[in-house]
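**Student:** Sequence and computational prediction follow.
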Amino acid sequence: MKQKIIMRGALGFPLGITIGYLITIFISLAWADGHYAPCEPSLASAMGSEINAVLVQALLSGILGIGFSAASVIWNIEHWGIVQQTGVYFVLVSLIMMPIAYFLYWMEHSLWGFLSYFIIFVLIFVVFWIVMCMIGKRTVRKMNANLHKAMREEDGQEES
């Protein structure tokens, strides 16, 4: 289990940086009027320069990737139910995401800013969770169909 956590975490660092970079591109396309916005202006101001802010943002995006990836081993703990897996995973990724989002100025530095960001985070989490459950159910249905087909073939009762 420890080795799995380390391997996933190591793979998560470059993935986190990539996702963070792609998000800056999408945000720039949507709100930057044809300019590239590599980070929040408030972060650049707090860090003393835009390049310092981008470096910190890249590092923390990588740490987010490590956290989300390493925490994903929770889904492999078979003796836990889906509610326990979901609850523990959500708490872990929230404890990683919220301080980083605050530090990087991805949320307004106020109680309302924190709460609104957290609500959006929860909504995105729920959407992804539902999609993953639907994919999992579809995969199980396909596996069961293949198993039934193989059993029929083995019994010599294959349909024509």
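**Tutor:** Perfect, thanks for sending it.
**Student:** Three-state assignment for Gly34, please.
**Tutor:** Here Gly34 is recorded as coil under DSSP: H, G, I helix; E, B strand; the rest coil.
**Student:** so how far is Ser28 from it?
**Tutor:** Distance, Gly34 to Ser28, by CB to CB, to the nearest Å: 9 Å. In short, each C-beta sits where N, CA and C put it, glycine included.
**Student:** domain assignment for this structure?
**Tutor:** As given by automatic domain parsing, the domain ranges for the chain are 1-106, 108-160.
**Student:** Could you list the low-confidence segments of this structure?
**Tutor:** The model of the chain has pLDDT under 70 over residues 157-160.
**Student:** all helices of it, in order?
**Tutor:** Assigned by DSSP state H, the chain shows helices spanning 2-31, 41-47, 50-71, 82-103, 111-155.
**Student:** Now the shortest one - C-alpha only, PDB.
**Tutor:** Extracted as PDB, the C-alpha positions of helix 41-47 are listed here (Å, rounded to 0.1, in the frame of the first residue of the first chain):
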ATOM      1  CA  PRO A  41      -2.600  39.300  -9.800                       C
ATOM      2  CA  SER A  42      -3.000  39.200  -6.000                       C
ATOM      3  CA  LEU A  43      -0.600  36.300  -5.800                       C
ATOM      4  CA  ALA A  44       1.900  38.100  -8.100                       C
ATOM      5  CA  SER A  45       1.700  41.100  -5.800                       C
ATOM      6  CA  ALA A  46       2.100  39.000  -2.600                       C
ATOM      7  CA  MET A  47       5.100  37.100  -4.200                       C
END
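**Student:** Now that helix: buried residues?
**Tutor:** Leu43, Ala44, Met47 (16 or more other CB atoms under 10 Å).
**Student:** Check the fourth one too.
**Tutor:** Buried residues in helix 82-103, defined by neighbour count with 16+ other CB under 10 Å: Thr86, Tyr89, Phe90, Leu92, Val93, Ile96, Met97, Met98, Ile100, Ala101.
**Student:** One more: the third one?
**Tutor:** By 16+ other CB under 10 Å, the buried positions in helix 50-71 come out as 53-54, 56-58, 60-71.
**Student:** and what of the first one?
**Tutor:** Neighbour-count burial for helix 2-31, with 16+ other CB under 10 Å as criterion, is recorded at Ile5, Arg8, Gly9, Gly12, Phe13, Leu15, Gly16, Ile17, Gly20, Thr24.
**Student:** ok, the fifth one touching Leu60?
**Tutor:** No - using CB atoms under 8 Å, Phe13 makes no contact with Leu60, being 11.0 Å away.
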